[in-house]
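Participant: what shape does this take:
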Amino acid sequence: MTASGTDASGNGARTDASAAAPRRRGRPARTEGAAGPGGRERILTAARTEFAERGYDKTSIRSIAKAAQVDPALVHHYFGTKEQVFGAAIEVTFEPALHLPDVLAQGPEGIGERFARYFIGVWENPATRVRLLAVIRSAVTHETAAKVLRGIVLRRMLERVAAELAVPEPRLRAELAAAQLVGIAMLRYVVQVEPLASADPEDIVRMVAPTLQRYLTEG
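Facilitator: Numbering: from 1, shown residues only. Sure, this is the predicted structure:
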């Protein structure tokens with residue numbers, strides 16, 4: 001090899017240490033702590049915020065990854081598609097409502113009042129109300145979001161509620177009770193129709209409880 005840095009064949013190829021290696025393409029490096037449970041939770045938190053603020057249509061895997069400060073490939077790794085990310089975010093958002101079977105398991109007496117008070121209580125909580133509003137708004141404007149929501153509500157809540165009911169057509173009754181309460185939530189918290197929007201929660205519970213009791217217990 002000559003002092004100039006050419007090889008013995010004279011082709012002029014650089015062999016000295018100053019020759020820069022070509023930059024490798026591919027997946028960007030993860031930020032520190034991006035992988036593992038902490039990274040997954042950051043992605044889920046970012047997804048809930050993105051869906052709440054931007055809606056289903058305008059939220060993307062890339063925007064979720066940017067908000068969570070991770071590589072988009074990591075979002076795909078943990079959750080797959082945008083639809084699956086949305087489903088995971090909904091399950092976390094609906095976690096309080098998914099405990100309804102525990103309320104029903106206390107027995108048939110007073111079940112209508114307990115059902116109504118629990119449901120209204122979840123919506124009256126400012127923290128859970130913001131998240132639920134985001135989910136409902138996405139579901140009423142996008143069929144994919146609505147499909148995901150239906151699947152979770154049916155699988156995780158209504159089917160479990162129906163399993164606790166010792167009455168004919170328990171699935172239909174559970175859906176009727178849910179329809180009653182979801183209708184109240186839409187008018188009170190989403191559309192904000194008066195006087196329902198400003199009514200005392202206890203008045204709502206008192207008025208709706210007998211109807212729920214009839215749906216859930218009468219043969």
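Participant: please, which helix or strand holds Arg206?
Facilitator: Take DSSP states H and E as the rule and Arg206 turns out to sit in helix 201-217.
Participant: what residues does that helix touch?
Facilitator: Defining contact as C-beta atoms under 8 Å, 6 or more residues apart in numbering, one finds that helix 201-217 is touched by 104, 108, 110-113, 115-117, 120-121, 124, 165, 167, 173-174, 176-177, 180-181, 184, 188, 196. All C-beta atoms are positioned from the backbone trio N, CA, C, and that covers glycine.
Participant: buried residues in stretch 106-113?
Facilitator: Residues of stretch 106-113 classed as buried: 111-113 (neighbour count, 16 or more other C-beta atoms under 10 Å).
Participant: next: stretch 62-77.
Facilitator: Buried-residue list, stretch 62-77, by 16+ other C-beta under 10 Å: 63-65, 67-68, 70-72, 74-75.
Participant: how many other residues sit next to the nearest residue to Arg117 once chain neighbours are set aside?
Facilitator: Leaving aside its sequence neighbours, Arg117 sits nearest to Val205 (C-beta to C-beta, 6 or more residues apart in numbering; 5.0 Å). Val205 is flanked by 20 other residues according to other C-beta atoms under 10 Å.
Participant: what does the pLDDT read for Val205?
Facilitator: pLDDT recorded at Val205 is 96.
Participant: next: Leu196.
Facilitator: Per-residue confidence (pLDDT) for Leu196: 96.
Participant: from Ala47, how far out is it?
Facilitator: Leu196 sits 31 Å away from Ala47, going by C-beta to C-beta, to the nearest Å.
Participant: could I get the buried residue list for the helix ranked longest in the chain?
Facilitator: With secondary structure taken from DSSP state H, the chain has its longest helix at helix 36-58. The neighbour-count check on helix 36-58 (16+ other C-beta under 10 Å) flags 39-40, 42-44, 46-52, 54, 56 as buried.
Participant: and the helix or strand that comes right after that helix with helix 36-58, angle?
Facilitator: Downstream of helix 36-58, the first helix or strand assigned by DSSP H and E is helix 61-68. For helix 61-68 against helix 36-58, the angle by axes from the mean of the first three to the mean of the last three C-alpha atoms, to 10 degrees is 130 degrees.
Participant: helices and strands around helix 61-68, which ones?
Facilitator: helix 36-58, helix 72-79, helix 82-93 (3 or more C-beta pairs under 8 Å, 6 or more residues apart in numbering; DSSP states H and E).
Participant: can you list the domains in the protein?
Facilitator: For the chain, automatic domain parsing gives the domain ranges 36-86, 97-217.
Participant: lowest average confidence across the ones you listed, which one?
Facilitator: In terms of mean pLDDT, the lowest-scoring of the domains of the chain is domain 97-217 (a mean of 84).
Participant: from the chain's centre, how far out does it sit?
Facilitator: Centroid separation between domain 97-217 and its chain, computed with C-alpha atoms, centre = their mean, to the nearest Å, is 17 Å.
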